[in-house]
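Trainee: Sequence and predicted structure, then a few things I'm wondering about:
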Amino acid sequence: MLEKLLLNHYEAAAVILSGIGLTNLLLQRNLIKKIIGLNIMDTAVYLFLAAKGYVEGRAAPILLEAQGGGWITNPDVYVNPVPAGLVLTGIVVSVSVTAFALALTLKLYEHYGTLNIDEALMKMTEQQEELETKISDAEEDVLA
Amino acid sequence: MNEELRNIWTQFFNWVMGNGPRPENEVIPPEPPPALPFSQKPTDKFSRFHEATLKERYTQWLELHGLHLFSVIYSGLSVLTCIVIVSLLLATVAELPPFGHERNPANNEVIRRYVQHGGRETGAQNIVAGLILDYRAFDTFGESAVLFTAAVSVLMILGASRRNSLKDSQNPHTDPEGRNFSQRGPPVIRHHLLRKDDAILQGVASLSIPVILMMGCVVVINGHLSPGGGFSGGAILSTALILAANAFGFERVHNFFNERTFIVSSSTALMIYALSKGYSFFTGANHLHSIIPKGTIGDILSAGLILPLNICVGLIVAGTLYGFYALFSEGDM
C-alpha cells in the first residue's frame, strides 16, 4: 500500500492536508483558526484537482505554434484543461466564503469580546439567564 | 547644498545605526496609558483587561455545568473521526490510477474534444480561457456574481456595525447610575498604527504602483493568449490599490475609488457580462450562427467575447478584493 501511495504522492499529500484541515476545524475553539482550517481543506482540494489534471511530459493547455504555421491541436500534447477551470471556481468561492465568515466573526467579537466560540456561548447563556431572571422578577412585581 | 546633503547623510546614518538623535520630522507614537493595577481592573465591561480572566471564568462555568467530560469526549471523538476519514481516503488514494499517466480515466474524450476544436470554436489560444469564458461562461458569470454578493454582504455587515457604533457614541443609552447600558462592547478599533508619512514606503509605492497596474492590465487583456485572465489580473490590480491605500492613506484612494464607485463599476460589469453572454446564447448556441467574429487565433482582438468578458471579470475582482481589505482594516470603503 505504501508503494502505491508513493506512486500517487500528490493525492496522498492532498488527503493528509485535508485531514489536518478537518482536525483544525473540529478541535480549534478560536473562530479565526477554524476559518484557517477550512482554507487548508480548500487548498487540499485544489492540490487534488491539479494533480488529477497533470499528464507527464505534456505542455500547459495553451496552443503552441506549429513549425509550418498554424496551431498544434493534437490532444496528446497538452495536459487536461478542465481541472484548471474547476480550481478557479473553487478559489473564487473559497475567497467569498472566507470573507463572509471573517465578517461574521468580527461582528461576534464586537458583541461578546472574545473569539473563542465556547466563551461566546457561555456569555450568551449568561445573558439569556440574566434576561430570564429579570423577566420573572418583573412578573412577580406585577403579581404582587 | 553640500551642507544640506551632509546633514541629511548624518541624520540617515544615525537613524540606521539607531544611536543618534531621531530625524526631526519622525513621528513618535504616544506612550500607551499605564496599566491599571490588578484590583482596579474593570470587570463589568468588555475590555482588554477582562479578556484575561474570561478563560478562568469559562473553566469555572464548565465545572459548574458538568461540561468538562463532554469537551474531553468531543475532542477524542473528533480526532478519531479525522483519523478514520483520512485512513479511508488514503486507502482510496492507493487504489487510484498512477499519477500523471496519459491513459488515466480523467483524460477522456471530453479533453480531446476541447483541445481539438477549442481553438477553432472559441478563437482563444489559451484553452482554459476558452473553456471558462466561452463553453462554460454562465458558470463564470455565477462565480462573479458570488464574489459580488460576498462583497456586498461584507459591506452590509461591517458597514452596519460601524454606523450603529457611530450612533451609539452620539447618544449612548445610559442607566441612572451612568453605566453604558448597551449590550454591545466598544467598537473594535481597526486602523491602529497606520502611518501616513512613511517616506520609504511612499517612494517604493509611487515607483511600483504604475508597474503593478500595467502588469495587471497586461494579464487581463492577454487572458485569451497567455496564462492569466480576469481573475488573476483583477487580483494584481487590487494589490496596487491596497498598496496605494497603505502608503498614502485610505482617504487618497477614497477620492477615486469608494463604495459608490465599487457598486457602480461592479454592477455595470456584471450587467454587461449578463447581456453580452445572453446575446451570444441566442446567436451562438443551439446550432445558430454566431455573428460575433472570432478573429485569428493569437491576435489581441480575437476570441469573440472573451476579451470584454475578461475585462468585466477583472473589474469585479479588483473592486471586490480591495473592498475586502478596506472593509476589514478600516470598516469603510
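Mentor: The structure has been received and is ready for your questions. Residues are numbered from 1 along each chain as shown, chains lettered A, B, ... in the order given.
Trainee: Is any residue of the host helix or strand of A:Lys107 near chain B?
Mentor: Using DSSP states H and E, the secondary-structure element containing A:Lys107 is helix A:82-112. Yes. Helix A:82-112 lies within reach of chain B by Cβ under 8 Å from any Cβ of the partner chain, at A:82-85, A:88-89, A:91-93, A:95-97, A:99-100, A:102-104, A:106-107, A:109-112. The C-beta positions use only the backbone N, C-alpha and C, and glycine is treated the same way.
Trainee: from the chain's centre, how far out does that helix sit?
Mentor: Counting by Cα atoms, centre = their mean, to the nearest Å, helix A:82-112 is centred 8 Å from the centre of its parent chain.
Trainee: With stretch B:58-75 instead?
Mentor: 37 Å.
Trainee: Do it and chain A come into contact?
Mentor: Yes. Stretch B:58-75 lies within reach of chain A by Cβ under 8 Å from any Cβ, at B:Tyr58, B:Trp61, B:Ser71, B:Ser75.
Trainee: Pull out the buried members of the residues you listed.
Mentor: Among the residues of stretch B:58-75 next to chain A, those classed as buried by neighbour count (16 or more other Cβ atoms under 10 Å in any protein chain shown) are B:Tyr58, B:Trp61.
Trainee: Return the member of the residues of stretch B:58-75 next to chain A nearest to B:Ile242.
Mentor: B:Tyr58 (36.8 Å; Cβ to Cβ).
Trainee: isn't that closest one right next to A:Asp118, touching?
Mentor: Yes. If you go by Cβ atoms under 8 Å, B:Tyr58 and A:Asp118 touch, sitting 6.2 Å apart.
Trainee: Is the helix or strand hosting B:Ile200 in proximity to chain A?
Mentor: Per DSSP H and E, B:Ile200 falls inside helix B:199-221. No. Against chain A, helix B:199-221 shows no contacts by Cβ under 8 Å from any Cβ, the least distance being 13.7 Å.
Trainee: Buried residues in that helix, which are they?
Mentor: B:Ala205, B:Ile209, B:Ile212, B:Leu213, B:Met215, B:Gly216, B:Val219, B:Val220, B:Ile221.
Trainee: For the helix or strand encompassing B:Thr268, buried residues please.
Mentor: According to DSSP H and E, B:Thr268 maps onto helix B:259-284. For helix B:259-284, the neighbour count (16+ other Cβ under 10 Å) marks B:Phe262, B:Ile263, B:Ser265, B:Ser266, B:Ala269, B:Leu270, B:Tyr273, B:Ser276, B:Lys277, B:Ser280, B:Gly284 as buried.
Trainee: Which strands and helices lie in contact with that helix?
Mentor: Using 3 or more Cβ pairs under 8 Å, 6 or more residues apart in numbering or on different chains; DSSP states H and E, the elements in contact with helix B:259-284 are helix B:137-170, helix B:306-330.
Trainee: and the direction of the helix or strand that B:Leu237 is a member of versus that of helix B:259-284, what angle?
Mentor: Remark: B:Leu237 resides in helix B:230-248, with elements defined by DSSP H and E. Between the axis of helix B:230-248 and that of helix B:259-284 there is an angle of 170 degrees, by axes from the mean of the first three to the mean of the last three Cα atoms, to 10 degrees.
Trainee: touching chain A at all, helix B:230-248?
Mentor: Yes. Looking at helix B:230-248 against chain A by Cβ under 8 Å from any Cβ, the contacts come from B:Phe231.
Trainee: what mean pLDDT does the next helix or strand after that helix have?
Mentor: As assigned by DSSP H and E, the chain's next helix or strand after helix B:230-248 is helix B:250-256. Helix B:250-256 shows a mean pLDDT of 80.
Trainee: Show me what helix B:250-256 is packed against.
Mentor: helix B:230-248, helix B:306-330.
Trainee: could you dump the buried residues of helix B:259-284 to TSV with pLDDT?
Mentor: Compiled in TSV, those are given as follows (pLDDT from 0 to 100):
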residue	pLDDT
B:Phe262	86
B:Ile263	86
B:Ser265	89
B:Ser266	88
B:Ala269	89
B:Leu270	88
B:Tyr273	87
B:Ser276	82
B:Lys277	79
B:Ser280	68
B:Gly284	59
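Trainee: Would you format those residues as JSON lines with distance to A:Asp141 included?
Mentor: Shown next, in JSON lines, are the buried residues of helix B:259-284 (distance: Cβ to Cβ, whole Å):
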{"residue": "B:Phe262", "distance to A:Asp141": "52"}
{"residue": "B:Ile263", "distance to A:Asp141": "51"}
{"residue": "B:Ser265", "distance to A:Asp141": "58"}
{"residue": "B:Ser266", "distance to A:Asp141": "55"}
{"residue": "B:Ala269", "distance to A:Asp141": "60"}
{"residue": "B:Leu270", "distance to A:Asp141": "57"}
{"residue": "B:Tyr273", "distance to A:Asp141": "62"}
{"residue": "B:Ser276", "distance to A:Asp141": "67"}
{"residue": "B:Lys277", "distance to A:Asp141": "65"}
{"residue": "B:Ser280", "distance to A:Asp141": "71"}
{"residue": "B:Gly284", "distance to A:Asp141": "74"}
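Trainee: still on that earlier bit, just the ones in strands from the residues of stretch B:58-75 next to chain A, please.
Mentor: Counting by DSSP state E, those place none of their members in strands.
Trainee: For chain A, which segments count as helices?
Mentor: For chain A, the helices defined by DSSP state H occupy A:2-7, A:9-27, A:31-53, A:82-112, A:117-143.
Trainee: Sort out which residues of the fourth one are buried, please.
Mentor: Burial within helix A:82-112, assessed by neighbour count using 16+ other Cβ under 10 Å, is assigned to A:82-107, A:109-112.
Trainee: got the angle between that helix and helix B:230-248?
Mentor: 40 degrees.
Trainee: what's in contact with stretch B:75-91?
Mentor: A:Met1, A:Leu5, A:Ala12, A:Val15, A:Ile16, A:Ser18, A:Gly19, A:Leu22, A:Thr23, A:Leu26, A:Leu27 (Cβ atoms under 8 Å, 6 or more residues apart in numbering or on different chains).
Trainee: Can you tell me which of those residues lies closest to A:Met41?
Mentor: A:Ser18 (5.2 Å).
Trainee: so who does the residue nearest to the closest one when sequence neighbours are not counted touch?
Mentor: Nearest residue to A:Ser18, sequence neighbours excluded (Cβ to Cβ, 6 or more residues apart in numbering or on different chains): A:Ala44, at 3.7 Å. Applying Cβ under 8 Å, 6+ apart to A:Ala44 gives the contacts A:Ala14, A:Val15, A:Leu17, A:Ser18, A:Gly21.
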